[in-house]
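In: Give me a model of this one.
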Amino acid sequence: MRKKVSIILALLLLVLLLVGLGCWQRNNIQALLLSRRMSQSDLSNMIAEQQEKTLELSRQAGVSVRSLTDEERKAIRNHEISRSELIDRLVNEEPGTPVVSESASSESDPPATTQDPVVTEQQTEPDPNAALREKLAEYIAKIYVMEEEYTGWLDQANQNAIDEYNALPAGEKTAASKFTIGMKYLAIAKDMEKECDAEMAALEEDIRTVLIQLGESTALADEIHSVYLEEKAAKKAYYLGLH
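Out: Modelled structure (predicted):
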């Protein structure tokens, strides 16, 4: 009887352990399943759809934020534009404005003076919540920039792993070496993911605070968090599918 109880307790502990690991690694498990079920093209489309969801959520919140252009994606990855400058562009500028590096902008001629704008007779009432909505727009724009920074880092880490393996002597290019290099970069990626998750959590809390100040539902922050997790799983699946 005592032996039977011990077996039952051991089984219960195993179940609890597996459940705990499942909750902890839920996003990774989701990524693994996606990588086995979807093609690289499908995963790329899924990532784009998740980014569009974030854009739509911002519209529903009454703020105007656009996504990054290809030129801006390249610029932020190559450190040709700062995070704060890009966030300002996403909130206040239309796509198509050329990215000018800091060194180039310092050498350019000063902008020509413009005429004073014509004041029309009809003046719209100022929005008392304009400052808060602008802050909300900046937070959502920051999400886009963070996502691109993280994706750029993943691309570079993936290439670094490939280069490290290719640099090995012919006799050392084995499955074991590939596994060792892969685990090395996986550990680095996990640390980067924790850093990104922490920054995202703080950003979501900032969004909740602004929504409360606006007297609106904080469901937007929860929806943004859900989209973030789905997009992160899709990106993991995409890189898993490359190897």
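
In: what about this protein, any weak spots by pLDDT?
Out: Within the chain, the stretches with pLDDT under 70 are 1-38, 40, 94-125, 242-243.

In: can you map out the helices along it?
Out: Counting by DSSP state H, the chain has these helices, from start to end: 2-24, 26-37, 40-60, 70-77, 83-92, 102-107, 130-166, 175-214, 219-240.

In: Excluding sequence neighbours, find me the nearest residue to Arg133.
Out: Once flanking residues are discounted, Arg133 sits nearest to Val63: 5.3 Å by CB to CB, 6 or more residues apart in numbering. For the C-beta atoms, the positions are set from N, CA and C on the backbone; glycine is no exception.

In: For that neighbour, grab phi and psi.
Out: Dihedral pair for Val63: phi -120, psi 150, per degrees, to the nearest 10.

In: How many neighbouring residues does it have?
Out: Counted with other CB atoms under 10 Å, the neighbours of Val63 add up to 20.

In: just Lys173 next, same as before
Out: Here the count is done by other CB under 10 Å, and Lys173 has 12 residues near it.

In: Check the one 3 residues further on too.
Out: For Ala176, the number of neighbouring residues by other CB under 10 Å comes to 8.

In: Then Glu204?
Out: By other CB under 10 Å, the burial measure for Glu204, its neighbour count, is 19.

In: who's in contact with stretch 172-186?
Out: Residues outside stretch 172-186 that contact it (CB atoms under 8 Å, 6 or more residues apart in numbering): 157-158, 160-161, 164-165, 168, 243.

In: which one of those is nearest Ala221?
Out: Set against Ala221, the nearest of the contacts of stretch 172-186 by CB to CB is Ala157 (29.1 Å).

In: That closest one is in contact with Ile188, isn't it?
Out: Yes. Between Ala157 and Ile188 a contact is recorded at 6.6 Å, counting by CB atoms under 8 Å.

In: For Ile81, give me phi and psi.
Out: For Ile81, the backbone dihedrals (degrees, to the nearest 10) come out as phi -150, psi 140.

In: hang on, I meant Pro169
Out: Torsion angles at Pro169 (phi, psi; degrees, to the nearest 10) stand at phi -60, psi 150.

In: quick one: which of the contacts of stretch 172-186 is nearest to Asp197?
Out: Here the nearest of these to Asp197, counting by CB to CB, is Ala157; it sits at 16.8 Å.
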